[in-house]
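Trainee: all I have is the shape, not the residue letters:
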């Protein structure tokens, strides 16, 4: 499976690391190609690097960007997303003040699905800090990736990538569940920003 | 400290058990006094029982009822809640279909605070299943009670009761954070209803 990750930050690094561990191909696209190349070189496996604007080669496209960058990414790539599994990892938060932002559609994931209706949008990775993707654990628990979406095959595909990478995957229901996953992601960010938890902690899921 | 718990269900039992363990006085009020008396007799400590309509003796009043019962409880007791710490444990969910319900104020806790402005409303216990209150643990983690509210003293008071009862308490911020705690509580209910987790599991918080 080829996975394209748009973004070169800590979340891109964490998701790429897990995808490579599962034996998948990873292409990183950054606004600066040099950053994507530097990250690709650091990763434990063979990752490709490119610049934003390069065609999307992956069957799965991870939007590993801040919420604020989503409109630009969709404007640039919208016409290439038909039929692809598009993974939205964002939390609608002001990156400077950590104030929550209101999203008209009820969640970013639903907003993306409305903007690119041909894409199979799934919400995932918005409740896992990058540190817990790297560690594979949250404290004594395995890191759990909660996946919401309306396309069962797309969710199963992503769950396969997650579990092959050594993490747990849990189907959290339809894409509408992003309306709960995003507040959960925000709450976790707020607790870390307030130093109630560390950036390597957060919510772990006990079965 | 005297704590009045309105309700005789599993959550009332769990919260009463922990309050008694911390050495606090507990009075249970039920719509049927017989149920309150039966629960009081079963609890590991000296609990009082009464019927809905009895005056509220506690400094802390826990609304251990379903969201649907809140308006009735507030109509009956609203004029006794001035100055009291009122603990809202509810999640806005349809108890038959487990569909989430929209609350105009953004959260039940804020709705309650608007209805009884003299009360010190805190949101708590809505993300802890009754089973995890009884066990004191969620899997390998201590059960954590997330507390949100606008009155710092009220939050500290409840945190003291929680920790004396053997659980962890974390200040989740202002009452507005109920807008995230309630979706988290709902998500946990939905995951259990879908059999993705058990009713003794759920989200544990790793510091």
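Mentor: Good, I have the coordinates. Please read all numbers here as calculations on a predicted model, not as lab measurements. Residues are numbered from 1 along each chain as shown, chains lettered A, B, ... in the order given.
Trainee: can you list phi and psi of the residue nearest in space to the middle of chain A for me?
Mentor: With distances taken as Cα atoms, centre = their mean, residue A:89 lies nearest the centre of chain A, 3.3 Å away. Dihedral pair for residue A:89: phi -110, psi 10, per degrees, to the nearest 10.
Trainee: now it, nearest residue through space, not along the chain?
Mentor: Nearest non-adjacent residue to residue A:89, counting by Cβ to Cβ, 6 or more residues apart in numbering or on different chains: residue A:125, 4.1 Å away. Placement of C-beta: from N, CA and C, glycine included.
Trainee: tell me the secondary structure at that neighbour.
Mentor: Assigned with DSSP: H, G, I helix; E, B strand; the rest coil, residue A:125 falls in the coil class.
Trainee: how many neighbours does it have?
Mentor: Residue A:125: 29 surrounding residues under other Cβ atoms under 10 Å in any protein chain shown.
Trainee: for it, give me the pLDDT.
Mentor: pLDDT, residue A:125: 98.
Trainee: next one: phi and psi at it?
Mentor: phi 70, psi 0.
Trainee: wait, it touches residue A:10, no?
Mentor: No - the criterion here is Cβ atoms under 8 Å, and residue A:125 misses it with residue A:10 at 11.4 Å.
Trainee: pull up the gap between residue A:192 and chain B, please.
Mentor: The gap separating residue A:192 from chain B is 10 Å, by Cβ to the nearest Cβ, to the nearest Å.
Trainee: what's the helix or strand for that residue?
Mentor: For residue A:192, the host element (DSSP states H and E) is helix A:178-193.
Trainee: how about the strands in chain A?
Mentor: A:2-6, A:25-30, A:47-51, A:60-63, A:85-88, A:120-123, A:137-138, A:141-142, A:144-149, A:168-173, A:202-206 (DSSP state E).
Trainee: contact residues of chain A facing chain B?
Mentor: A:100, A:138-141, A:170-173, A:177, A:179-181, A:183-184, A:186-187, A:190-191, A:194, A:196-198, A:201-207 (Cβ under 8 Å from any Cβ of the partner chain).
Trainee: and the helix or strand bottoming out on mean pLDDT in chain A, what does it pack onto?
Mentor: Here the helix or strand of chain A ranked lowest by mean pLDDT, DSSP states H and E is strand A:47-51, holding a mean of 94. In terms of contacts (3 or more Cβ pairs under 8 Å, 6 or more residues apart in numbering or on different chains; DSSP states H and E), strand A:47-51 is packed against strand A:25-30, helix A:33-42.
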